[in-house]
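1. the following comprises the amino acid sequence and a computationally predicted model.
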2 protein chains.
Amino acid sequence: MVIEGLKTLLSDDKRVLIKNQFMNGTDTLTYLEKNSADIVLLDVNLPDINGVEMVPKILNIKSNIGIIGLSTYSEPSIINQMIKKGVKGYLLKNVTGEELVDAITQVHQGDFYFSSEIQKILADSVTQESGDLPKLTRREKHILTLIAEGKTTNKIAEELFISPLTVETHRRNLMQKLEVSNAASLIKVAIEKHLI
Amino acid sequence: MVIEGLKTLLSDDKRVLIKNQFMNGTDTLTYLEKNSADIVLLDVNLPDINGVEMVPKILNIKSNIGIIGLSTYSEPSIINQMIKKGVKGYLLKNVTGEELVDAITQVHQGDFYFSSEIQKILADSVTQESGDLPKLTRREKHILTLIAEGKTTNKIAEELFISPLTVETHRRNLMQKLEVSNAASLIKVAIEKHLI
DNA sequence: TGATAACTACCGGTAAATCGGTATTGCTTA
DNA sequence: TAAGCAATACCGATTTACCGGTAGTTATCA
C-alpha cells in the first residue's frame, strides 16, 4: 500500500524514475548488488531486516547511493541512529508529493533533506538530551534483561555462575549509565531507549 | 502516502467508490456527522486521536458503518481492543488490492474480515493468553506510573498524602494483578500490556 | 605490546521492598 | 439496601536492593 502511494506521488513528476520496489530487505539487497540506483527510499519497518541495519548493508554495496528513511512514526532515537548510519534524508509517510520530489532531488545533489516534522523532532531530542544512548556492555545488556524478567541478584548470579556481588556491581553500573536510582525506573528508561 | 496507496489499490475496482479521505481523526468525525458512508478504512496511527478511541466515536455517529482497521504493525493487544470496540475487519498495510476489495465487500455484507496475518496473530495471542488485561483501579494506575518514575514508597506516600503502608498495599495488589514479584518486572509487563 | 575497557569480586552499612495476614471506611451499583 | 469493590491503614519479619569505596584479572584493540 505504501509502495503504491509512493508510486502515485512520484508518477506525476518526470524528474523521478522508479526503477524497482520491494517488500522486504533481502530482496532489496540482492537487487542492489546487481543493479544500480541513485536513491533508495527505505521504510524503517521491514518484515525481515531492521531499517537501521539496512543502511550500512546498502552503503556497503554501493556507497554513493542516497538513502532516504521513511516511517509512520517518529521516534527520535531511531532517526538519530539512521542518521549515524548514513541516511541522507528522512520523511514521514504523510509527506506530500511535492516534498517527496524535493527530498529526492536534494539528496541526489548530495545534500541532506529532513522534513520539517523530522527537524522539529531532532531539535527537541537535542534539547531534551534524550537521544544519547548510553553504551552498555554485553554483560550489562544480558543482566538488564534478566532484571527485567524479575530475577533477583542472587538468581542472576546462580544463572551466570558468578558472584552475587558482581551482579550487584553490574546493576549499579547500569543504573549509573541510565541515570536512575532503582530497578523499576531502570527498566522503564531501558525500554524507552530500546535497550531491551 | 498511505491514502494515495489506498486510492490506487481501489481505483481499479468499480465496486468501490471512495467518497473522501482525511489525514486525522477530528476531520473524519466532522465529515461523518454530515455525510454518509458504508465503510471506513481507519488507520490506527492518527496524529490527533487514538485509533482505538476513534471506533466508538464513529459508531456513535452512525452505528451501521463498517470499520476496517489498518496498521503497519500488529500488536495483538491493539487488535483485540479494536475488535472489542467494534471493528468489523483488520488489515496490515502490505495488503494486496484484491484482498482489500474482498475485505470491503465482506464487511459491507455484514461479515467480518481479518487478513490471514491478523488471524495468525489473534490465534497466537489466544494460546499465549497474553491478551488479557488485568483491570487496574485509578489509584493503582497512578501509583504504577509513580513507581515507573523511580519514586520510592515513601516518596509516593508523601506526594499523595497517604500512608506509606497504603502505598505498599497498592504495590502488592499491582504485583499480584500483573503476576510478578518485584517492581522491575512490574514495569516491564505494565509497558508490554500498555498500561503505562 | 601497552593502554583501556570489561568482567570479576569484596566489605560494611542503610534503605527499601516484599511477604503474610488483617481490618476499617466509603463509594457504587445491581 | 446489601454486597462488592476501592481506598485506606497497620504489624512483624525477612529479603533484596542500593550506596560508597576498592581492586584484581582478563580481553581487546589501536
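-> Noted; the coordinates are in hand. These numbers come from a predicted model, not from an experiment.
2. assign a three-state SS to residue A:68, would you?
-> Classification of residue A:68 by DSSP: H, G, I helix; E, B strand; the rest coil places it in strand.
3. which parts of chain A sit against DNA strand D?
-> Residues of chain A found near DNA strand D (CB under 7 Å from any atom of the strand) are A:152-154, A:168-169, A:171-172, A:175, A:181-184, A:186. C-beta: built from backbone N, CA, C; applies to glycine.
4. what subset of these is buried?
-> A:152-153, A:171, A:175, A:183-184, A:186 (16 or more other CB atoms under 10 Å in any protein chain shown).
5. show me the domain layout of chain A.
-> As assigned by automatic domain parsing, chain A contains the domains A:2-128, A:138-192.
6. mean pLDDT lowest where, among those domains?
-> Note on the domains of chain A: lowest mean pLDDT is at domain A:2-128, with a mean of 88.
7. pull the distance from it to the chain's centre.
-> With CA atoms, centre = their mean, to the nearest Å as the basis, domain A:2-128 stands 12 Å off its chain's centre.
8. can that domain be said to contact chain B?
-> Yes: interface with chain B: domain A:2-128 contributes A:2-9, A:23, A:45, A:47, A:72-73, A:93-95, A:97, A:100 (CB under 8 Å from any CB of the partner chain).
9. one more: stretch A:176-194?
-> Yes: shown here: stretch A:176-194 in contact with chain B (CB under 8 Å from any CB) through A:180-188, A:191.
10. near DNA strand C, which residues of chain A?
-> With CB under 7 Å from any atom of the strand as the criterion, chain A meets DNA strand C at residues A:135, A:137-140, A:160, A:162-163, A:165-166, A:168-170, A:182.
11. and the gap between the spatially most central residue of chain A and chain B?
-> Nearest to the mean C-alpha position of chain A, by CA atoms, centre = their mean, lies residue A:78 at 3.5 Å. Taking CB to the nearest CB, to the nearest Å as the measure, residue A:78 and chain B are separated by 14 Å.
12. isn't there a helix covering that residue?
-> Yes: with three-state DSSP as the criterion, residue A:78 is assigned to a helix.
13. and it, what does it touch?
-> A:44, A:51-52, A:71, A:194 (CB atoms under 8 Å, 6 or more residues apart in numbering or on different chains).
14. mind giving me the ChimeraX select for these, buried ones only?
-> The ChimeraX selection below is limited to those of the contacts of residue A:78 classed as buried (16+ other CB under 10 Å):
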select /A:44,51,52,71
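15. which of the contacts of residue A:78 lies closest to residue B:61?
-> Distances from residue B:61 to the contacts of residue A:78, taken as CB to CB, are shortest for residue A:71 (31.1 Å).
16. from the residues of stretch A:176-194 next to chain B, which two are the most distant?
-> Farthest pair in these, by CB to CB: A:181 and A:191, 17.0 Å.
17. what sits closest to the residue sitting furthest away from the middle of chain A if chain neighbours are left out?
-> Note on chain A: the largest C-alpha distance from the chain mean falls to residue A:163, namely 35.8 Å (CA atoms, centre = their mean). By the measure of CB to CB, 6 or more residues apart in numbering or on different chains, the closest residue to residue A:163 outside its immediate chain neighbours is residue A:157, 6.0 Å from it.
18. got the contact list for whichever strand or helix holds the one you found?
-> Using DSSP states H and E, residue A:157 sits in helix A:153-160. For helix A:153-160, the external contacting residues (CB under 8 Å, 6+ apart) are A:142-143, A:146-147, A:151, A:163-164, A:166-168, A:171.
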